[in-house]
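In: Could you work out the structure for the sequence below:
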Amino acid sequence: MTTRRKFIRSAALAGSVVITGLPELLKASEKKRPAVGKKPVVVSTWQHGLAANEGAWKILSAKGKALDAVEKGVNVTEADFTNLSVGLGGLPDREGKVTLDACIMDEKGNCGAVAFLERIKHPVSVARMVMEKTPHVMLVGKGAQQFALKNGFRLESKKLSPGARKMYKEWLKKPEFKPVSNFENHDTIGMIALDANGNCAGSCTTSGLAFKMHGRVGDSPIIGASLYVDNEVGCATATGVGEEIMRICGTHTIVELMRSGKSPMEACRLAIERLVEKSPKELKEMQVGFLALNKNGEPGAYSLQKGFNYAVHDETGNKLHESDYHFT
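Out: Now for the predicted structure:
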């Protein structure tokens, strides 16, 4: 039987843990571009990617699979209740509810996603179960929650994290219904990896834009928008205002640009330029960042605004890098 996942894959082809050492890792941050051509390697968005990379590296350094690494890596961030943009510690929507989105994709083109999921600690792990145990790609809302509970996950507390509760109370004093992604509201961790066998995988997980409309889903669970993997070429992930990323199918665009011979950084830059050209909105107050990794183990990144950083972990260590950017 042809599953929906296999159909999407064939159509795409046809169309072609909070770690204790975090302060020490932050000291390792630098602005130099990462070395080229190393594997295994794991790359993730934002400063919180340093801790996530450590979780992924435990698997990659033991010659484990990229798919396992990108799941367990972002599990670290999902479990960090001090993080206000990922997991159940994240900032809520306008109704005061935390809703989670996530997706995952392996080297064979298999993929799974969940959206508008409440009270489940590790949405990316539920997304993997959707990929491996169902004929579907995405489950949403109560259906996704029901599936998670039937597969061993448990309901967590409805209570907001202390940081989220404080910010939500402040927002309620003057509620503005125009959530904007900025440098304090990163709204995502995206992770992509190349293992010792040369196979790629990626994941993305988020609590979404702060104070969004109840029911809003951004790019994070959308294959081809927040995440795309093609084992012949490489992989890409995205962060920022999801509505803009979806307009250009951002990560699929980047992978196809790499297929045509562009480097990861060039591909990310061209995607940002296309986004600026195609968007009907003024983008100077928004942030979008793209991150890519090719089959040679070369990472690259580019963003709309200054301030997008990304973490790279290979055999030389785990370091934070600043991306180049469009608006000066």
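In: What ranges does the stretch 201-328 of the chain have for its strands?
Out: 227-230, 234-240, 288-294, 299-303, 309-314, 317-322, 324-325 (DSSP state E, counting those that start in this stretch).
In: average pLDDT for the last one?
Out: Read it as strand 324-325. Confidence over strand 324-325 (mean pLDDT, whole number) is 97.
In: just checking, what packs against that strand?
Out: strand 299-303 (3 or more C-beta pairs under 8 Å, 6 or more residues apart in numbering; DSSP states H and E). In short, each C-beta sits where N, CA and C put it, glycine included.
In: Give me the neighbour count for the nearest residue to Ser323 once chain neighbours are set aside.
Out: Of all residues not flanking Ser323 in the chain, Ala301 sits nearest, at 3.8 Å (C-beta to C-beta, 6 or more residues apart in numbering). Counted with other C-beta atoms under 10 Å, the neighbours of Ala301 add up to 29.
In: any idea of the pLDDT on the nearest residue to Glu176 once chain neighbours are set aside?
Out: Nearest residue to Glu176, sequence neighbours excluded (C-beta to C-beta, 6+ apart): Phe211, at 7.9 Å. We note a pLDDT of 92 for Phe211 in this prediction.
In: Contact partners for Phe211?
Out: 91-94, 168, 171, 175-177, 179 (C-beta atoms under 8 Å, 6 or more residues apart in numbering).
In: Could you list the low-pLDDT ranges of this protein?
Out: By pLDDT under 70, the low-scoring segments of the chain are 1-37, 177-187.
In: longest helix anywhere in it?
Out: helix 264-278 (DSSP state H).
In: Val241: how many residues sit nearby?
Out: Residue crowding around Val241 was assessed by other C-beta under 10 Å; the count is 27.
In: Kindly apply the preceding question to Glu132 instead.
Out: For Glu132, the count of nearby residues is 12 (other C-beta under 10 Å).
In: pretty sure Lys63 is in contact with Ala69, am I right?
Out: No: with contacts counted by C-beta atoms under 8 Å, Lys63 stays clear of Ala69, the gap being 10.8 Å.
In: list residues touching both of the two?
Out: Common contact partners of Lys63 and Ala69 (C-beta under 8 Å, 6+ apart): Asp195.
In: Grab the nearest non-local neighbour of the most centrally placed residue in the chain.
Out: Nearest to the geometric centre of the chain sits Gly190, at 2.2 Å (C-alpha atoms, centre = their mean). Once flanking residues are discounted, Gly190 sits nearest to Thr237: 3.0 Å by C-beta to C-beta, 6+ apart.
In: Now the host helix or strand of Gln145 - C-alpha only, CSV.
Out: Using DSSP states H and E, Gln145 maps to helix 141-150. Output of helix 141-150 as CSV, limited to C-alpha atoms (Å, rounded to 0.1, in the frame of the first residue of the first chain):
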residue,chain,number,x,y,z
GLY,A,141,-4.6,18.8,18.5
LYS,A,142,-6.6,16.3,20.6
GLY,A,143,-5.9,13.6,18.0
ALA,A,144,-2.2,14.0,18.4
GLN,A,145,-2.6,14.1,22.2
GLN,A,146,-4.7,10.9,22.1
PHE,A,147,-2.1,9.2,20.0
ALA,A,148,0.7,10.2,22.4
LEU,A,149,-1.2,8.9,25.4
LYS,A,150,-1.8,5.6,23.7
